[in-house]
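**Q** Next input, structure requested:
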Amino acid sequence: MITPDQAWGWASFKSQGGPTYAGGAGWRRYTDFLISKMPEFGAVDLDYVEIPYDHYIVDDWPDRRTHIYDSGTALEKLVSDGTPVPVVASYGMTSGFTPAEGVSAPMVYYDPTHPPDKAQIAGKILVFQTAQYPDPPYTNSFLDNFTLTDYEWRSPGKWAPLFTPPHMSVTSSYHSRWVWSQLNGFAAIGIKGHAAGMVVVYDLSPGAAFALAQRSVYTPDGKAGLGAVYVNCPTLTLDRVNGAKVLVDAKAGKTATLTLSARFERNTGKAIIAYLPGKNYGTPLDEQILLATHTDAMSLIEENGGLGMLGIMSYFHHIPQSARPRTLIFYFDCRHFMPGGEASWPQFDYYTIHPERLKPIVATLGMEHMGGRQTIEIGPDRNDYVYSSELPENGGVITSLMDVYNNNIWLVEAIAKAATDNHWPRVDVKAGNVEPGVNGGFQGSVKSPMNKGRAYKIPGVGLAGDWPGGWTQTFAQLDTEAGPHGFDKEYFVQQVAGLSQLAGELMLVKLIVIDLGWGELKSALIHLPDSAFVRHEEAATLRHTLVDQYVAAFRKVEGAANGDGKSTLKELTANISKWVVPDSQAELRILVDTQISKLS
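**A** Predicted coordinates for the structure are as follows:
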């Protein structure tokens, strides 16, 4: 396994180049490093996809003074009613630009209870204040994004309560995500109303808000893609301290001057594919595991999955090719922070271009956001932005959110074993809303496009360290706004070790064990309503018995006793026939018969 010092060296190199937006100088430096290291670790047959796009650029890296009004080098400036705002936190990505002298106009405050109409917005600087959390009860969408939800498994330690937004003194991730998620909705209002510019005041401390960036899309329909026409509505964002006076001025209709120096530039990113050959590489017998990450974003933690992939590649290079049962593919994508993310650039997906190359892939493993320490907001006004003092297992590091596709028992248990064996702290495993979690509650999903299994309908798992915390800020490299050493090299190596074990398990597991049909059958049984049972009053007991029979069949197959597994599945079918009303039997029979046929 790579050492913590080796991980620190790689992270230091990457941090020195700053943001790695696709096609940019920092990205080229980073990807050149990845490409140069891979042959050293046994990678062969590198392939590439070139991806042109209109890259929105604000040249603030590496000079923090570009955000400070009186620095003489500010690129982002706001003067409100004649008073300069000392520090501008950030800007709306793709929002456009102003002349050097800025844009001056009266401000209009957007009151959501009495919103201004289009005529009142046109030609003005529209000012928003982010909303507070809504009152409960919460929708599943809110729970899924802004609270801790139920899970398939999670590591021991101290955790905040489920289904309620965690306090910022515990983690800044959820509240930061809530705040910044409102920007796209604000942009749509400003664009529709033909605003001259926009200001968004985030309910965030100065440290949390500084240089916070996200992939907003300033087009009339909010969609990106090659040739998209962007609307010029230059947008600045402020923290709650620097934004306080601006809100007062906007409500009074005072005039402001907004300056944002930015440009669009046609750049070309590049996806990279590399292979670490297994024993059957290059033959029809080859089976492959696809590992994936992205290489583009603004900070060290947000896009250091490529370093994690190097760590895994380095480990398996020590094992002879003849002893590697399956080939490992390493997919370094670069569409994550292109406007709109991967979904806006589907034509450049490697396996959309080469669908035939999906055929030998039997499982996937994704990774992103690795090794970060947890940031929090504390103090009387929550304006002290610092690292958590908790132990890693209690939340001192960002949570390793693990996505599972689908809720296959073996996949969940493999993650739990990898975490335990490698002393990997702070792991939370979720399969999405396919079944209740271990506590019987709503099970959220992990927002990780790096688990390519979901897109390709292949069994898979994916790591996404919780975000944004301190990890979507331009200057959050080895150090962040919370202080020095935001990268925990020990945690990073524990993650690489756990992921390496998972890759090894996926190289060895019999494919029938991770077959997606097991999860589909499990979900169908668990979701049977009481009304689907002949004896409604016994529904809970009968459902539990059916699930137990399913588990017993799975365990037989897991132990290579396929004949016994078939017999148990047939017993399950017999009980379905006796206990489930005829109208609800058809789907279950198909799912069970499908698994039986795969065991023949």
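**Q** and residue 101, that's in a helix?
**A** No: counting by DSSP: H, G, I helix; E, B strand; the rest coil, residue 101 is not found in a helix; it is coil.
**Q** Now do the same contact list for the closest residue to it other than its chain neighbours.
**A** Nearest residue to residue 101, sequence neighbours excluded (CB to CB, 6 or more residues apart in numbering): residue 259, at 7.5 Å. C-beta coordinates here come from the backbone N, C-alpha and C atoms, glycine included. Applying CB atoms under 8 Å, 6 or more residues apart in numbering, we find residue 259 in contact with 74, 75, 76, 77, 78, 98, 100, 101, 102, 103.
**Q** can you rerun that using 6 Å?
**A** 77, 98, 102 (CB atoms under 6 Å, 6 or more residues apart in numbering).
**Q** I'd like to know which of the residues you listed is nearest to residue 18.
**A** Proximity of the contacts of residue 259 to residue 18 (CB to CB) peaks at residue 77, which lies at 21.7 Å.
**Q** So what touches stretch 209-221?
**A** Residues from elsewhere that reach stretch 209-221 (CB under 6 Å, 6+ apart): 89-90, 92-95, 180, 183-184, 187, 202, 224, 228, 230-231, 233, 239, 298, 337, 339-340, 472-475, 481.
**Q** how long is that stretch from one end to the other?
**A** Using CA to CA, to the nearest Å, the end-to-end distance of stretch 209-221 comes to 27 Å.
**Q** Same check on stretch 90-106?
**A** Stretch 90-106 has an end-to-end distance of 21 Å (CA to CA).
**Q** which outside residues touch that stretch?
**A** Under CB under 6 Å, 6+ apart, the answer for stretch 90-106 is 56, 58, 76, 124-125, 196-197, 211-213, 215-218, 230, 232-237, 253, 255, 257-260, 262, 339.
**Q** Next: stretch 459-469.
**A** Outside of stretch 459-469, the residues within contact range by CB under 6 Å, 6+ apart are 172-173, 176, 363-370, 372, 375, 398-405, 411, 446, 448, 450-451, 453, 514, 516.
**Q** Drop anything exposed from the contacts of stretch 90-106.
**A** For these, a neighbour count by 16 or more other CB atoms under 10 Å gives the buried set as 56, 58, 76, 124-125, 196-197, 211-213, 215-218, 230, 233-237, 257-260, 262, 339.
**Q** Which residue ranges of the stretch 201-350 of the chain form strands?
**A** 235-238, 255-260, 263-276, 288-294, 327-333 (DSSP state E, counting those that start in this stretch).
**Q** Can you tell me which of the ones you listed is nearest to residue 416?
**A** Set against residue 416 and scored by CB to CB, the strands of the stretch 201-350 of the chain come closest in strand 288-294, at 19.4 Å.
**Q** Not including adjacent chain positions, what is the nearest residue to residue 263?
**A** Of all residues not flanking residue 263 in the chain, residue 57 sits nearest, at 5.5 Å (CB to CB, 6+ apart).
**Q** And for the helix or strand bottoming out on mean pLDDT in the chain, what's in contact with it?
**A** Least confident helix or strand, the chain: helix 452-456 with a mean of 94, by mean pLDDT, DSSP states H and E. Residues from elsewhere that reach helix 452-456 (CB under 6 Å, 6+ apart): 290, 292, 358, 364, 405, 459, 460.
**Q** Now with 10 Å, please.
**A** Contact with helix 452-456 is made by 290-292, 329, 331, 333, 342-343, 346, 349-352, 355, 358, 361, 363-366, 403-406, 411, 432, 445-446, 448-449, 458-462, 514, 516, as judged by CB atoms under 10 Å, 6 or more residues apart in numbering.
**Q** Check which element follows that helix along the chain.
**A** Beyond helix 452-456 on the C-terminal side, the first helix or strand identified by DSSP states H and E is strand 460-465.
**Q** what is the rounded mean pLDDT of that next one?
**A** For strand 460-465, mean pLDDT is 96.
**Q** What of stretch 366-383?
**A** For stretch 366-383, mean pLDDT rounds to 97.
**Q** what's the answer for stretch 113-121, then?
**A** Taken as a whole, stretch 113-121 has an average pLDDT of 97.
**Q** and if you look at stretch 330-340?
**A** On average, stretch 330-340 scores 97.
**Q** From the opening residue of it to its closing one, how far?
**A** One end of stretch 330-340 sits 23 Å from the other (CA to CA).
**Q** cool, and stretch 379-396?
**A** Termini of stretch 379-396 sit 18 Å apart (CA to CA).
**Q** I'd like the distance from it to the chain centre, please.
**A** 22 Å (CA atoms, centre = their mean, to the nearest Å).
**Q** Okay, buried residues for it please.
**A** 382, 383, 385, 386, 387, 388, 390, 392, 393, 394, 395, 396.
**Q** For the third one, give me its contacts.
**A** Residue 385 is in contact with 168, 172, 204-210, 239, 375-379, 470, 480-483, counting by CB under 10 Å, 6+ apart.
**Q** Narrow those to just the buried residues.
**A** 168, 172, 204-210, 239, 375-378, 470, 480-482.
**Q** Mind jotting down where the helices sit in the stretch 151-300 of the chain?
**A** Using DSSP state H, counting those that start in this stretch, the helices of the stretch 151-300 of the chain run over 173-180, 183-192, 206-209, 244-251.
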